[in-house]
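> Have a look at this prediction, sequence included:
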Amino acid sequence: MLVREAMTSPVVTIPPSATVRQAIRVLDEHDITALPVVEGTGRLVGIVSEMDLLRGEFDADPRAFARPLPSSRTPTPRRVADVMTRDVRTVRPGADVAELAETMMSTRVKSVPVVDGHDVVGIVGRRDLIAVLARGDARIRDDVVTAIAEYGPPGSGWDVSVDGGVVELRGRADASARRIAGILAQTIPGVTRVSIHGPDAGRGG
């Protein structure tokens, strides 16, 4: 499965000149957790998350403390440019979702902008990956059957079963037809692995 099949698009972005409160309202209105930060030319210059925006935004309530709090405090950042992460990990639309998921887990990155050239074309967050995996087996099976029927070699009959996102293809087909069927099955959102069974057939994906 490719990143472009899992990403959220179009993506909501924000300029670095926006205020922190403006960015917070955008997150709330769109029910999202991160915003790619882009300049007027569309160039990606950073990413800002919920945690970045919340840091320092709340004053301590004196009712929670036995002694009065000092009146002076460090001014909170006012602009997105002051709080955003500038070293942004990005991914291409044609990248493999499985590889991206491993990277996100190992680095603990929650959201990754998707860039095509200089354009931000989408974003992949943990919610997107969960949504892909949450697709039911029956729906996945229907999509696999449809894809093979529409784009596979004519006359290739397959018995398709899906269990927990793992697709099993059973049928009599030559090596070329098996390879094509396996590739088509792997493009379906929610598919985690593909196994092909038949005369002299090995395992795919």
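Everything's here; your move.
> Quick check: which element contains the most centrally placed residue in the chain?
Computing the C-alpha centroid of the chain and ranking residues by C-alpha atoms, centre = their mean puts residue 124 first, at 2.3 Å. Assigned by DSSP states H and E, residue 124 falls within strand 119-125.
> Could you break this protein into its assigned domains?
Following automatic domain parsing, one finds the domains of the chain at 3-133, 137-197.
> Buried deepest among these, which one?
domain 137-197 (a mean of 17; mean count of other C-beta atoms under 10 Å). (Glycine included, C-beta is placed from N, CA and C.)
> what about it, start to end distance?
For domain 137-197, the first-to-last residue distance is 19 Å (C-alpha to C-alpha, to the nearest Å).
> what do you get for stretch 120-133?
24 Å.
> what's the pLDDT at the residue lying closest to residue 176 once chain neighbours are set aside?
Counting by C-beta to C-beta, 6 or more residues apart in numbering, residue 176 lies nearest to residue 153, which is 7.2 Å off, once chain neighbours are set aside. Note for residue 153: predicted pLDDT of 82.
> Likewise for residue 10?
The model's pLDDT for residue 10 equals 92.
> Name the nearest residue to it, ignoring sequence neighbours.
Using C-beta to C-beta, 6+ apart, the closest residue to residue 10 is residue 122 (7.5 Å).
> Which pLDDT value goes with the one you found?
95.
> same check, this time on residue 77
What the model reports for residue 77 is a pLDDT of 58.
> hang on, the residue nearest to residue 176 packs against residue 179?
No. Contact criterion C-beta atoms under 8 Å: residue 153 and residue 179 do not qualify, at 10.2 Å.
> tell me the mean pLDDT for stretch 48-62?
71.
> low pLDDT regions in the protein?
Judged by pLDDT under 70, the chain has its weakly predicted residues at 56-77, 155-156, 198-205.
> Which residue ranges of it form helices?
Taking DSSP state H to define them, one finds helices in the chain at 20-30, 50-54, 80-83, 97-107, 126-133, 137-151, 175-186.
> picking up where we left off before, do you know how far the residue nearest to residue 176 is from residue 165?
To residue 165, residue 153 is 25 Å away according to C-beta to C-beta, to the nearest Å.
> Same check on residue 79?
Noted for residue 79: a distance of 43 Å to residue 165, by C-beta to C-beta.
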